[in-house]
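[1] Next come a sequence and a model predicted from it.
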Amino acid sequence: MAMTPRPLSRRNLLKHTAAVAAASGIPAWYLSEARAADEAKPKQEKPNSDAFRIGLVGCGGMGTGDGKDAQRFGKVVAVCDVDDAQLAKAKTNFPGAAHFKDFRKLVEQKDIDVVVCSTVDHWHTLVSMAAMKAGKDVFCQKPLTLCIDEGRRLMAVQKETGRILQTGTQQRSDIRFRLAVDMVRSGRIGKLKHISVWLPSGLREGPFKSVPAPAGFDWDMWRGPTPAVDYVKERGHRTFRYWWDYSAGTITDWGAHHNDIALWATGFDRSGPVSVEGKALNEMIPGGFTANSEYELLYTYPNGVTHAAMSTRGSQWNGSVGDPKLPPHGIKFEGSDGWLYVTRGQIDASNKDALREKLPESAPRVYISNDHKGNFFDCVKTRKAPICDVEIGHRSATMCHLGTAAVRLGRKLNWDPAKEAYVDDAEAQATVSRPMRKPYDYSFIGA
């Protein structure tokens, strides 16, 4: 399979516009706008300064990358992980940083300004809430929540504390995705009719055997608010997302990215769809992963626009626009006057001239960010809302949770985005929240 083209870096974005435009397929006029927006920002005097003191919670592969990236704007002064093995690596990656196994101790530290939460999904909400209550600004990985109720609670804490929270859906800071959204919102493909989203399939494996948890790995705290089950190697670290206890497979893993962009383009990114239909395409293996690996979803928005999201596997994928070199994921917007396709590293349209032609000054434009963590740290300074604030993160995660509920129940669900409740459906409404195992409920952080 061809590798996914790398996203256009901020450094390349600010180089020679014509050359970059020719190589990237992004119109020169749009690159010029992005460069102008970037150059209009106040220059950072010391890019690698200790301006921000950063606490990192979750030190696996994603956490390590997040921490190193964040050090462009400050210094990681504290790290936290429930696994001694990952904590040991963090001590090497971030020399001199204080280390903790309980995130509550980390967020209490007076010498920390910002908390980066890169834990497994089911800890995102409690860590973020505790950090904000302790006066810290938060960069939290996606999906922001494990269930819809968690998002509402996070919004309430953010409003109460006034802290900055950025969700790690970094595609909103990618120029190709922003161009696609601007084009769709401005009517460049005519009236939007339908959106197709392709997501990678998850894993369907098992059965797995219970074994003793590794020494130095606090399995009880890692499980946190989720059910008390025996340790299974495949439940931890990278493959945690294929267990419904902790995530929802690629519906939440990749759906938090591509469905977020689709939602952004519709203009309903602070509300959402009014219905969702779901279907699982295969059965679980007894004793194996419990998140659906292959599925189909169909969302409908208040204006009648439909949005299909489906998993892909091997030969099922045809590039969506007939290009076998495309990665097995992406978004296609279909309108009355043509289509537009975007994925990481590529953008295309049925009318190439429409893509190259500059939008009029009166055309609606979305929030400009060319650097996701840079946007977060800028907003920590200015106290302005980041591009993926808590409500955006909550609504994007809600899309995933709606889809998961529809697939698990196997039927159409009607949703009221204003009330954030299912319409006349007690069984679906029960999925809005999840039971929390004590002592790891909200009282664990004093909430």
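    Noted; the coordinates are in hand. Residues are numbered from 1 along each chain as shown.
[2] continuing past the longest helix seen in the chain, what's the next helix or strand?
    When secondary structure is assigned using DSSP state H, the longest helix within the chain turns out to be helix 390-409. Following the chain from helix 390-409 toward its C-terminal end, the next helix or strand by DSSP states H and E is strand 413-416.
[3] show me where the stretch 251-400 of the chain has helices.
    All helices of the stretch 251-400 of the chain, identified by DSSP state H, counting those that start in this stretch, fall at 255-266, 352-356, 372-382, 390-409.
[4] Mean neighbour count added to the ones you listed, as JSON lines?
    For glycine as for every other residue, the C-beta is placed from the backbone atoms N, C-alpha and C. Output for the helices of the stretch 251-400 of the chain, formatted as JSON lines (neighbours: other Cβ atoms under 10 Å):
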{"stretch": "helix 255-266", "mean neighbour count": "26"}
{"stretch": "helix 352-356", "mean neighbour count": "14"}
{"stretch": "helix 372-382", "mean neighbour count": "20"}
{"stretch": "helix 390-409", "mean neighbour count": "25"}
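[5] Of those helices, which is nearest residue 149?
    When these are compared for distance to residue 149 using Cβ to Cβ, the nearest one is helix 390-409, at 9.5 Å.
[6] Who are the packing partners of that closest one?
    The criterion is 3 or more Cβ pairs under 8 Å, 6 or more residues apart in numbering; DSSP states H and E, and the helices and strands that helix 390-409 contacts are helix 148-161, strand 165-167, helix 250-253, helix 255-266, strand 275-280, strand 295-300, strand 413-416, helix 426-429.
[7] Specify the angle between that helix and helix 255-266 in degrees.
    For helix 390-409 against helix 255-266, the angle between stretch directions is 110 degrees (axes from the mean of the first three to the mean of the last three Cα atoms, to 10 degrees).
[8] So residue 128 lies in a helix, does it not?
    Yes - the assignment for residue 128 by DSSP: H, G, I helix; E, B strand; the rest coil puts it in a helix.
[9] tell me the contacts of it?
    Residues in contact with residue 128 (Cβ atoms under 8 Å, 6 or more residues apart in numbering) are 115, 117, 138, 140, 144, 154, 157, 165.
[10] Leaving out the residues flanking it, which one is nearest to the fourth one?
    Closest residue to residue 140 apart from its sequence neighbours, by Cβ to Cβ, 6 or more residues apart in numbering: residue 117 at 4.3 Å.
[11] what sits against that neighbour?
    Shown here is residue 117, whose contacts under the criterion Cβ under 8 Å, 6+ apart are 57-58, 123-124, 127-128, 131, 138-141.
[12] Return the closest of those with respect to residue 39.
    Minimum separation from residue 39 among the contacts of residue 117 (Cβ to Cβ) is found for residue 139, which lies at 24.2 Å.
[13] That closest one touches residue 124, doesn't it?
    No - if you go by Cβ atoms under 8 Å, residue 139 and residue 124 don't touch, sitting 11.2 Å apart.
[14] Need the distance between the two termini of stretch 68-86.
    Looking at stretch 68-86, the gap from its leading to its trailing residue is 15 Å under the measure Cα to Cα, to the nearest Å.
[15] Measure how far it is from the centre of its chain, please.
    For stretch 68-86, the distance from its own C-alpha centre to the chain's C-alpha centre is 20 Å (Cα atoms, centre = their mean, to the nearest Å).
[16] How about stretch 263-272?
    Between the centre of stretch 263-272 and the centre of its chain there are 15 Å (Cα atoms, centre = their mean).
[17] Pull the residues that contact that stretch.
    172, 180-181, 184-185, 192, 195, 260, 301-303, 305, 307, 333, 366, 391-392, 395-396, 398-399, 402, 415, 417-418.
[18] who's in contact with stretch 284-291?
    Defining contact as Cβ under 8 Å, 6+ apart, one finds that stretch 284-291 is touched by 202-208, 234, 239, 241-245, 247-249, 251, 292.
[19] Please repeat the previous calculation with a cut-off of 7 Å.
    Residues outside stretch 284-291 that contact it (Cβ atoms under 7 Å, 6 or more residues apart in numbering): 202-208, 242-244, 247-249.
[20] likewise stretch 418-434?
    If you take Cβ under 7 Å, 6+ apart as the criterion, stretch 418-434 is touched by 146-149, 152, 271, 405, 409, 413-416.
[21] hang on, the earlier thing: any idea which of the helices and strands packed on helix 390-409 is most buried?
    The highest mean neighbour count among these belongs to strand 165-167 (a mean of 31), with neighbours defined as mean count of other Cβ atoms under 10 Å.
[22] Against which helices or strands is the very next helix or strand once past it packed?
    If you walk from strand 165-167 toward the C-terminus, the next helix or strand you reach (DSSP H and E) is helix 175-185. For helix 175-185, the helices and strands in contact under the criterion 3 or more Cβ pairs under 7 Å, 6 or more residues apart in numbering; DSSP states H and E are helix 255-266, strand 338-343, strand 346-349.
[23] report the angle between the axes of helix 175-185 and strand 338-343?
    Using the same axes, to 10 degrees, helix 175-185 lies at 160 degrees relative to strand 338-343.
[24] Quick check: mean pLDDT of helix 175-185?
    Averaging pLDDT along helix 175-185 gives 97.
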